[in-house]
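Novice: Sequence and predicted model, in that order:
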Amino acid sequence: MDPTSTSGTAERHISIQQSLADLKNLIDIEGAGKKTCPLCPEEKFKPNYSHKLRRHLQHLHWKVSIDFEGYRMCICHLACRRMKTNLNGEQVPVRIGAHYHCIVCSATIARRTDMISHITRHLNKGDTEASFTGASSGQLSSTEVMKEVDTDVHVFPNHTTPQKTDSFFNPKMKPNRQLIFCTLAVLAQERKPLECLDAFGATGIMGLQWAKHLGDAVRVTINDINEGSVKMIGENCHLNRMKVVMNRKEEEEDEDEVEENDDTLGTIEVTQMDANVLMHLRAFDFIHLDPFGTAINYFDATFRNVRNLGIVSVTSTDISTLYCKALNVTMRHYGCNIVRTEYYKEVAARMVIASMARAAARCNKGIEVLLAVALEHFVLVVVRVLRGPSQADESLKKIRRLIHCQWCEERVFYKKCHMLEESAYQQLPCDCHGSMPGKTAVELGPLWSGSLFNTGFLRRMLFEAVQHGIEDIHPLLKNLTCESECTTLKHHSIFGPMSHSSQEESGVVIKTLASHKSGVEDTSSASYSGQEKRKGSELPGNAAKRQKGDIPSEHPPFYYSIHRHSIRGMNIPKINKFLPYLTQAGFRVGRTHFDPTGIRTDATLAQLKAILMKYSMPTHTDSLPGIHSHASAEPISEPVQDSTPKPLEIDQPAEEVKPESG
């Protein structure tokens with residue numbers, strides 16, 4: 001018996017009927033003799049008389065059916081699901097079990113509750129039987145085309161709602177995708193070709209941008225466990241003239257065919273597998289994790305097979321967990337105790353990095369943080385993987401607990417000491433514990449206490465952004481570079497760092513492109529020596545010393561919100577005019593992207609307030625004797641990325657401020 005039945009133009013399985021009478025009409029149930037069930041194999045339901053067969057169809061198949069637009073999807077016991085894909089990507093037989101057939105996409109789903117959720121997603125997307133018929137013919141009538149950085153992708157009308165669509169696409173994540181692209185472009189200058197993995201492809205736009213703009217320098221693999229997303233990724237690859245292979249072995253066998261076909265711009269491998277399984281099976285140079293929610297469940301598999309000096313980027317969107325809205329979930333996922341502070345965004349980034357460092361250490365690997373960004377509704381962390389137990393030990397030494405004063409919000413990391421102190425309050429610069437009753441501080445963490453940025457890597461990212469014409473990300477990269485140096489002056493040039501043939505990150509010499517200018521030899525492909533043993537003879541001793549001297553000291557941890565610590569009844573100066581006052585007092589100072597009103601400085605809170613008080617003006621008068629005037633008393637309203645801070649001319653020279661003791 002044919003397991004499908006044709007109605008109009010849409011093919012339906014025989015288990016999908018409009019009424020019980022139609023289900024009974026599949027066989028001559030009124031005829032004499034024993035009959036077999038059309039939806040069960042003989043080993044499950046032996047041929048029987050009509051009265052038993054009628055009762056079997058009604059109570060076993062029709063009673064648990066699912067209704068959809070006048071049709072009933074009955075449970076099926078036939079051998080429709082004979083094969084499945086194992087961990088190696090091979091088709092193997094499976095045990096025959098009960099399942100449902102979707103009337104829209106012909107998918108086979110075992111559980112009734114899963115089938116109801118599957119149909120609900122079709123309803124939310126506006127899919128019907130007719131719309132699927134058009135989509136199956138290659139028209140994708142229910143989708144629209146979005147374009148980003150010369151890459152076109154098909155998306156569903158409700159693509160911004162992850163709960164209602166299989167292929168989630170968020171246009172607001174464009175800065176995130178651009179930062180990751182620049183990161184991969186920098187890594188491509190160190191070695192090629194790169195094995196790159198987009199573990200959660202969705203529409204596949206990120207992997208398509210990698211393959212389309214970086215070409216032969218990368219070998220892209222896009223993975224997603226959802227069958228609908230994999231189909232969408234395949235359609236988007238064809239839309240961008242990319243060849244799709246389901247296995248790298250197929251690509252090697254079809255090399256001759258690829259040479260004959262001049263229409264394709266490249267090849268992308270598309271896999272449908274659990275991300276943890278895929279990362280355990282294969283090794284990659286670059287891995288990007290962007291699941292819906294937390295990525296903590298994938299850290300162990302990520303660092304298991306990532307290559308030495310490779311890069312791992314993680315986008316975390318579990319904002320309620322990271323931003324202190326669900327403290328019990330934070331403790332379960334990250335094992336950290338946190339409270340809401342003025343610097344909560346940086347706490348979130350350091351919490352994710354600490355979890356990554358612990359996961360890497362379990363695989364005898366260390367990390368070097370290259371970038372940590374908190375924008376909109378996501379936290380992006382990019383780290384370089386350093387192989388070896390000594391590197392793992394060094395990374396773990398940077399995970400410490402934080403002491404936070406709940407009265408004045410002063411904060412300080414615990415000292416590097418395993419001995420117990422008589423009073424942890426003595427480490428805080430403030431004296432709130434002596435002047436306030438009870439316990440005034442709380443212990444947060446464990447958190448990452450090291451640097452959040454690598455200045456040299458950020459400069460190279462900015463250079464690659466200029467090379468590829470990604471202008472939208474230039475202001476953010478410039479601000480991040482200044483924040484990593486903790487300075488208000490941007491004396492760097494985007495072509496400056498490219499004049500050096502190598503660069504040192506975390507004690508490891510990373511050889512890069514000597515110059516992109518004409519007339520200078522391109523050494524990008526032959527200069528990488530990360531796979532070989534790194535010897536001291538690679539660079540002269542004086543050159544290595546000069547490179548170590550060029551590396552600036554780490555930026556101060558955390559920042560202060562100038563609005564939060566403003567003096568009541570006083571007009572505080574604008575941020576860009578207040579920063580030179582801190583510099584004149586001998587402190588390092590800079591802006592931060594975490595907070596538009598934040599100041600990153602090595603001054604204590606008491607010292608910051610003293611200088612802020614000195615250069616603030618009362619609201620009831622324009623000037624008072626003994627108080628320095630400034631050009632404007634308007635409230636602070638400049639965002640970090642609106643303009644680059646420039647050196648300002650002050651009419652009256654500022655008096656020297658002696659830092660007060662905490």
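Specialist: Noted; the coordinates are in hand. Residues are numbered from 1 along each chain as shown.
Novice: Which residue would you name as the spatial centre of this protein?
Specialist: Nearest residue to the geometric centre of the chain (C-alpha atoms, centre = their mean): Thr315, 1.7 Å.
Novice: would you say that residue is within a helix?
Specialist: No - the assignment for Thr315, made by DSSP: H, G, I helix; E, B strand; the rest coil, is strand rather than a helix.
Novice: Tell me who's in contact with it.
Specialist: Listed by C-beta atoms under 8 Å, 6 or more residues apart in numbering, the contact set of Thr315 reads 173, 176, 180, 288-290, 295, 378-380. The way it works is simple: take the backbone N, C-alpha and C, and place the C-beta from them, glycine included.
Novice: Without its sequence neighbours, what residue ends up closest to it?
Specialist: Nearest non-adjacent residue to Thr315, counting by C-beta to C-beta, 6 or more residues apart in numbering: Asp290, 4.2 Å away.
Novice: Local confidence estimate at the one you found?
Specialist: As predicted, Asp290 sits at a pLDDT of 94.
Novice: got a list of what it touches?
Specialist: Contacts of Asp290 (C-beta under 8 Å, 6+ apart): 176, 198-200, 206, 314-315, 317.
Novice: Can you list the low-confidence ranges for the protein?
Specialist: Flagging of the chain using pLDDT under 70 yields the residue ranges 1-11, 81-96, 125-142, 157-167, 247-263, 489-553, 620-662.
Novice: what about the longest helix in this structure?
Specialist: When the chain is parsed with DSSP state H, its longest helix is helix 344-362.
Novice: so how far is it from its chain's centroid?
Specialist: Remark: helix 344-362 is offset 13 Å from the chain centroid, using C-alpha atoms, centre = their mean, to the nearest Å.
Novice: repeat for stretch 319-335
Specialist: 17 Å.
Novice: Give the buried residues for that stretch.
Specialist: 319, 321-323, 330, 333-334 (16 or more other C-beta atoms under 10 Å).
Novice: One more: stretch 598-615?
Specialist: Here stretch 598-615 shows 598-601, 603-612, 615 as buried, counting by 16+ other C-beta under 10 Å.
Novice: quick one: the helices in the stretch 301-450 of the chain?
Specialist: 319-322, 327-334, 344-362, 389-396, 432-435 (DSSP state H, counting those that start in this stretch).
Novice: who's in contact with Pro446?
Specialist: Counted by C-beta under 8 Å, 6+ apart, Pro446 has contacts 335-336, 354, 399-401.
Novice: And the residues you listed, which two are furthest apart?
Specialist: Spanning the widest gap among those are Gly335 and Arg400, at 14.1 Å by C-beta to C-beta.
Novice: What about Gly70, how many residues nearby?
Specialist: 7 (other C-beta atoms under 10 Å).
Novice: Please name the nearest non-neighbouring residue to it.
Specialist: Going by C-beta to C-beta, 6+ apart, Gly70 has Gln18 as its nearest residue, at 6.1 Å.
Novice: what's the answer for Asp602, then?
Specialist: Pro556 (4.3 Å).
Novice: any idea how far the one you found lies from Lys397?
Specialist: 19 Å (C-beta to C-beta, to the nearest Å).
Novice: Same question for Gln406.
Specialist: 28 Å.
Novice: circling back: please tabulate the helices of the stretch 301-450 of the chain in a markdown table, including the columns distance to Ala211.
Specialist: As requested, the helices of the stretch 301-450 of the chain are exported to a markdown table (distance: least, C-beta to C-beta, whole Å):
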| stretch | distance to Ala211 |
| --- | --- |
| helix 319-322 | 30 |
| helix 327-334 | 33 |
| helix 344-362 | 26 |
| helix 389-396 | 31 |
| helix 432-435 | 56 |
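Novice: Cheers, nothing more for now.
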